[in-house]
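Colleague: Give me a 3D structure for the following:
(4 chains)
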2 protein chains.
Amino acid sequence: MADDPRALGDPGSESFRVDSYPFYLLNRAVSRYNVIIEAQLRAIEIDIPTWRVLMVLGEESPRSIGQLSKTAVIHLSTMMRIIERMMKAGLVERAPDAQDGRVTNVILTDLGREKLAAARKLTAPLYRQVISGFSQNEFTRLLEMLNRLHANLG
Amino acid sequence: MADDPRALGDPGSESFRVDSYPFYLLNRAVSRYNVIIEAQLRAIEIDIPTWRVLMVLGEESPRSIGQLSKTAVIHLSTMMRIIERMMKAGLVERAPDAQDGRVTNVILTDLGREKLAAARKLTAPLYRQVISGFSQNEFTRLLEMLNRLHANLG
DNA sequence: GAATTTTTGTTGCGTTTGCAAGTTTATTGG
DNA sequence: CCAATAAACTTGCAAACGCAACAAAAATTC
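Modeller: Numbers count the residues shown, from 1 in each chain, chains lettered A, B, ... in the order given. Coordinates of the predicted model:
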C-alpha cells in the first residue's frame, strides 16, 4: 500500500507528484498534439474546432448543433460560432429539423466532405507517428482506458 | 491485418472511426474533466490555468515564465497573463533572475501555497472517482502510455 | 387543455487567448 | 572585442470563448 502508484497521482496525498497525475499527462499530450495538428491544418485553412466537427459529421450527417456540442464537449454557444464560421466557409449548411421545431440540423456540404478527406490525408502521418511502438493490444487497452476515464467522469 | 484495431483510428484509412481515434478520446476526457474541475475550483476562486501553474510551482519554485510555459504547454504570452492574474491575486511574485537578466522568475507566496493545498483537498475526491476501477497495474500502464504518446509527439 | 418546466437554440458582452511585432539581454562566429 | 543571431520576455490587437440573459418550441404536470 505504501507504494501504490495511484497514491502518487492523488492530489490529496502527501506523496503527490504532478508527473503521476493522469490529467496533467492527458492535458500535456493533448496540448502538444493540438499545437502540431493546428500547424498542419493551417495548410488547408481549417482550424481545430472545424476539424473536430468535420470528423464527427463525417460519421453521421446531419446532426443537430446540440448533439455536436455534446459529442465534442464544446459549449453550445461556442459551437454556434464554429458552425457560423464553417457556414461562411461553405463547409456545412443549416436547416431546421422537420420533427422538432427547436433543433437546427447541420449538414456537410460537398466542399465539407472534400476538406474532411484532405484533412484526413494530412493528419494520417502524424497519427502513425504517434502510435508507433503501440502494439494492437496496447492500443486497444489505451482506448478502453480512455473510455473508462470518460465514463467515470459522467 | 484486416482487423487491426489501429487501422480504425487511422484518419487515412477507409475504415476510420472517430471512436477509435485516440486524440478524439483524449480531447473528450480532458474537456469533460476540465468542465467539472472548473466548477469545483470556482469555490476557492481559482481558474484552471491558475491551478495548473500552482501544481507545477508546488513541485519546484521558483521557475521562469518560459519554463512554466513549456511545462504546461501554454503559449508564452498567455502564460504572461496568467502570471499577471496570479500576481494580482497574491498567489505568486515575480523577480528577475540573478544569473540571466532576461528571465523572470515566478515564486509561490504563502497564500499561493495555501490555495494549492486547498485545491488539492478539493480535487482529491474527483481523482479517486476517476481512477476507481483502475488496478495498480492498469494505472501504471496508463501513465506509461500517455508519456509515450507525448514523447512520440516530440 | 392550460400552465409549468424542460429542452434547444440564439445573441450581447466582457474575459482570455494567440499572433505578430518589438525590446532587452545572452550567446555565437568572425 | 564587435557584429550577428538567438533567447526570454513584453505588449497591442483582433479573434475566440464562456457566461448569462433571452426566445421559442416541446414535454410534463395537474
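Colleague: burial measure for the residue of chain A found nearest DNA strand D, as a count.
Modeller: Using CB to the nearest atom of the strand, residue A:101 is the residue of chain A that sits closest to DNA strand D, at 2.7 Å. Glycine gets a C-beta too; all of them are placed from N, C-alpha and C. Using other CB atoms under 10 Å in any protein chain shown, residue A:101 has 7 other residues around it.
Colleague: so where do the strands sit in chain A?
Modeller: Here chain A has its strands, by DSSP state E, at A:63-64, A:92-96, A:104-108.
Colleague: got the ones you listed as TSV, with distance to chain B columns?
Modeller: Written out in TSV, the entries for those read as follows (distance: least, CB to the nearest CB, whole Å):
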stretch	distance to chain B
strand A:63-64	12
strand A:92-96	17
strand A:104-108	14
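Colleague: for chain A, which residue is closest to the average position?
Modeller: By CA atoms, centre = their mean, chain A has its centre lying nearest to residue A:52, at 5.3 Å.
Colleague: need the residues of chain A near DNA strand C, please.
Modeller: A:38, A:64-67, A:69, A:76-77, A:80-81, A:94, A:97, A:100, A:102-104 (CB under 7 Å from any atom of the strand).
Colleague: my read: residue A:24 touches residue A:11, true?
Modeller: No - counting by CB atoms under 8 Å, no contact exists between residue A:24 and residue A:11, whose distance comes to 10.1 Å.
Colleague: Comparing the two, which residue is more hemmed in?
Modeller: More neighbours surround residue A:11 than the other of residue A:24 and residue A:11, with 23 against 20 (other CB under 10 Å).
Colleague: can you give me phi and psi for that one?
Modeller: Note on residue A:11: backbone dihedrals following degrees, to the nearest 10 are phi -60, psi -20.
Colleague: quick one, what contacts the nearest residue to it once chain neighbours are set aside?
Modeller: Counting by CB to CB, 6 or more residues apart in numbering or on different chains, residue A:11 lies nearest to residue B:120, which is 4.0 Å off, once chain neighbours are set aside. Residue B:120 makes contact with A:11, A:12, A:16, according to CB atoms under 8 Å, 6 or more residues apart in numbering or on different chains.
Colleague: Can you tell me how far residue B:120 is from residue A:109?
Modeller: 48 Å (CB to CB, to the nearest Å).
Colleague: before we move on, what about residue A:79?
Modeller: Separation of residue A:79 from residue A:109 (CB to CB) stands at 18 Å.
Colleague: for residue A:76, same thing?
Modeller: 22 Å.
Colleague: Which one's more surrounded, the two?
Modeller: A direct count of neighbours by other CB under 10 Å for residue A:76 and residue A:109 places residue A:109 higher, at 16 against 11.
Colleague: right, and the more buried one touches residue A:94 too?
Modeller: No - counting by CB under 8 Å, residue A:94 is not a contact partner of residue A:109; they are 10.9 Å apart.
Colleague: The lengthiest helix in chain A: which residues count as buried?
Modeller: With DSSP state H setting the assignment, residue counts place helix A:110-131 as the longest helix in chain A. Buried positions in helix A:110-131, judged by neighbour count with 16 or more other CB atoms under 10 Å in any protein chain shown: A:112, A:115, A:116, A:118, A:119, A:120, A:122, A:123, A:126, A:127, A:130, A:131.
Colleague: who in chain A is up against DNA strand D?
Modeller: A:47, A:49, A:74-75, A:77-78, A:81-82, A:85, A:99-102.
Colleague: In those, which residue is surrounded by the most others?
Modeller: Most crowded among the residues of chain A next to DNA strand D, counting by other CB under 10 Å, is residue A:82 at 22 neighbours.
Colleague: Quick check: buried residues in the lowest-mean-pLDDT helix or strand in chain A?
Modeller: Across the helices and strands of chain A, the lowest-confidence element by mean pLDDT, DSSP states H and E is helix A:22-41, at a mean of 90. Neighbour-count burial for helix A:22-41 flags A:22-33, A:36-37, A:41 (criterion: 16+ other CB under 10 Å).
Colleague: go on, stretch A:48-62?
Modeller: Applying a neighbour-count criterion of 16+ other CB under 10 Å, one finds A:49, A:50, A:51, A:52, A:53, A:54, A:55, A:56, A:57, A:58, A:61, A:62 buried in stretch A:48-62.
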